[in-house]
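Novice: 3D model of this:
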Amino acid sequence: MRALKNPRERDLGVLAQTLSYLLLALPTVVLGLLAFHTGSPLIAGGAVVQLVFMVIFRRANPVWQPPVSGSIVVLYLVALAMAWAPIGNSNDPVPHLAQGFLFIVAVGLFAYHDLIRTGAEPLRRANKWSRRIANRRAWPTELAECRTVPEAIALRNAMHNEPTPALALLMNARQEVQVAALGALEHHPQWRSGEAEMVMRHAHKNPEPAIRAAAVYALAGVETAELITELATFLRDPAAEVRLATAEALMWNSESRWPFAREMVKEAMADPKLVNDGPMFTTAGRLPAAAIADLITWSAEHPPLARRAILTVVEHFHGDLLNAEKPELANEIATMMLSNETPPALRVELAGLLRDHHMLTPDLLDRLTNMNQPAPMRLFAAELMLRLNPNDPDGVDVLRGLARQPNRELALSIAAVLQNILGMQLGLPSGAVQPQSKQAAEVAKRVLAWANGASAESLSPTPGPRPGLKPGSRGRAPGLGSRPKSAALPPTPPAGMPVYTNPLDESMLPPGDGAGFLNADDLLAPPSMSSPLDEPRHAPRSPLDESMLAPPRSPLDESMLAPRDRDLYDDSMLRTPGSPRNPLEESMLLEGEPLAEDDLLAPPNPRSPLDESMLAPEPPPVIPPLIPPSKKPFKRPGPGPVF
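Specialist: This next block holds a predicted model:
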């Protein structure tokens, strides 16, 4: 993975490897040819020694760069001495040519080694690539891809201890140039005072996420506690790509960095705004043991910290199981899953991980259904049993025991198993259901009924209303109970005047003009029922007066009135002797009241009850109020003397 591999540890090309092997083999070949030409055993021994050193330095590529280049210069000087000592002042030109060749190569390697050691050559090449980056006009479409352009990689290889050429490009106004310069500084191992802080400030103040991500990769090689802690603050950056780059940067040499970054990692996992990020360090390789221990401890905290910590641990174990580097890892995960010290939520996720990797044996599955296991673990085991065999009695018994617990969220999970696996219709919708909703309460009642032995048919929810006419879409038909609205009660008569009218008849008339009671003319009975005293004093009512009266009430309306007071009203005063009693009056008699003799002798009414109910009751005669005998009016004396 990118964060775990130092980009400076690069593979050489074929030409560079060939040149390295050629420089290593050149002293051996020269001494061998010279020993064959002169027949000197001392030169032949020197060739063997050079062969041994060639085997030793064959993995040190490239051999022309420090620190290997200094040792190679020494080998050439040793070969030069071996080629000169046995021959001395010989007149043969071949040994002199060999000695001169070895000396020139040794001087060239020493000069190149000195240029690189002093930094002059790397600085020259770094300045050359930095100028090419500044003058480049064609850039990739995505800003993040500018970090890996060939010029940025060449500048990264040219810089060793001198990041000044790349830092100078950060002042460029073009964002592509800044990203390329930060890409050249990626995983820079050595920083002088103030250089890393300069990159950190540039990352904090820049609004572009691609530039902040490139700066995080550039600071992946810092070693101080302050810089590591400040680098971990980018775990809460608003941009997802910056958070991912920070996680990868922190996991490079994570054993020594975790103690300084753990608090910021915890705060980032507990941030509610980042709850949808899922597991952390997914592409950062294996986590250190200290990080695993902290994540297991955090899985017992409140969400969202617990949720993200669990996902990170499970993702880490998932990668290790795929790599198959630790055969005993499955046993360790199973032990952690069955341990009561492990948080229940983490135990369920570990069980799911073993199931996905087909490592959950029947013995482990049976142990998950024990009563000492938490309810989520038992529910997980019962669901897996029923998926393998829907008629498994052990799985059904576990579900029935869990369904009797007073937990609505657990009841909804059980309802999902019953409805999706066993095919029982419990009214659970396909989407999410809030545990506090009325629908969740109904589903929980059905689950409890199933646990207590109810049949599957009785658990089916009642179908909802069918489409059709809405209530009240047609007018209501009038019936027998309909009646006109009653008028307001008449006002109370003046004090001192007795009232002899029937309250049933009185309430059926509209209110008067101002007195609030009926006139004597309106209270006259028909000619057949009036008294002899009233006939000469009053004339019969005209049709116009009759039309002004309120319509008669039906018997149903009469039965709804309160009984009258017998102290104020007397039937003997309202009814003519010998006339039959009204049926409404019969119904208003008090219990145990004897009928009058006239009522017993009256012939029965030949009319039917239907006709009687359709006729208005005859108004009883009302005796006018008694007027005291007139007295001679008192005449107030005038202004004159009284006597």
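
Novice: Map the structural domains onto the sequence of this protein.
Specialist: The record's domain parsing of the chain by automatic domain parsing lists 2-118, 123-222, 375-458.

Novice: Which of these sits closest to residue 324?
Specialist: Each of those has some distance to residue 324 by C-beta to C-beta; the shortest is domain 2-118, at 18.8 Å. To be clear about C-beta, it is placed using only N, CA and C from the backbone, and glycine gets the same treatment.

Novice: Mind checking the pLDDT average for the closest one?
Specialist: The pLDDT scores in domain 2-118 average 79.

Novice: What helix or strand is residue 397 located in?
Specialist: Element membership for residue 397, per DSSP states H and E: helix 393-403.

Novice: May I see the buried residues of that helix?
Specialist: Of the residues in helix 393-403, 395, 396, 398, 399, 400, 402, 403 count as buried by neighbour count, 16 or more other C-beta atoms under 10 Å.

Novice: circling back: would you mind putting the domains of the chain into TSV with distance to residue 266 alongside?
Specialist: Listed next are the domains of the chain as TSV, based on distance: least, C-beta to C-beta, whole Å:
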stretch	distance to residue 266
domain 2-118	20
domain 123-222	19
domain 375-458	24
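
Novice: Out of those, which gets nearest to residue 290?
Specialist: Across the domains of the chain, residue 290 has its closest neighbour in domain 2-118 (17.2 Å, C-beta to C-beta).

Novice: quick one on the thing from earlier: how about the buried residues of helix 393-403 in JSON lines, adding pLDDT?
Specialist: Converted to JSON lines, the buried residues of helix 393-403 look like this (pLDDT from 0 to 100):
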{"residue": "395", "pLDDT": "88"}
{"residue": "396", "pLDDT": "90"}
{"residue": "398", "pLDDT": "90"}
{"residue": "399", "pLDDT": "90"}
{"residue": "400", "pLDDT": "90"}
{"residue": "402", "pLDDT": "91"}
{"residue": "403", "pLDDT": "90"}
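
Novice: hmm, back to that, list just the one of the domains of the chain that sits closest to residue 282.
Specialist: Among the domains of the chain, domain 2-118 sits nearest to residue 282 (C-beta to C-beta), with 11.3 Å.

Novice: so is residue 255 in a helix, a strand, or just coil?
Specialist: Under DSSP: H, G, I helix; E, B strand; the rest coil, residue 255 falls in the helix class.

Novice: how near is it to residue 216?
Specialist: Here residue 255 is placed at a distance of 20 Å from residue 216 (C-beta to C-beta, to the nearest Å).

Novice: which of these two has more neighbours?
Specialist: residue 216 (28 against 12; other C-beta atoms under 10 Å).

Novice: so what pLDDT did the more buried one get?
Specialist: With respect to pLDDT, residue 216 scores 94.

Novice: tell me the contacts of it?
Specialist: Residue 216 is in contact with 203, 231, 234, 242, 245, 246, 249, counting by C-beta atoms under 8 Å, 6 or more residues apart in numbering.

Novice: all helices of the stretch 201-350 of the chain, in order?
Specialist: Here the stretch 201-350 of the chain has its helices, by DSSP state H, counting those that start in this stretch, at 209-218, 225-232, 240-250, 254-269, 289-298, 305-323, 329-338, 344-356.

Novice: All set now, cheers.
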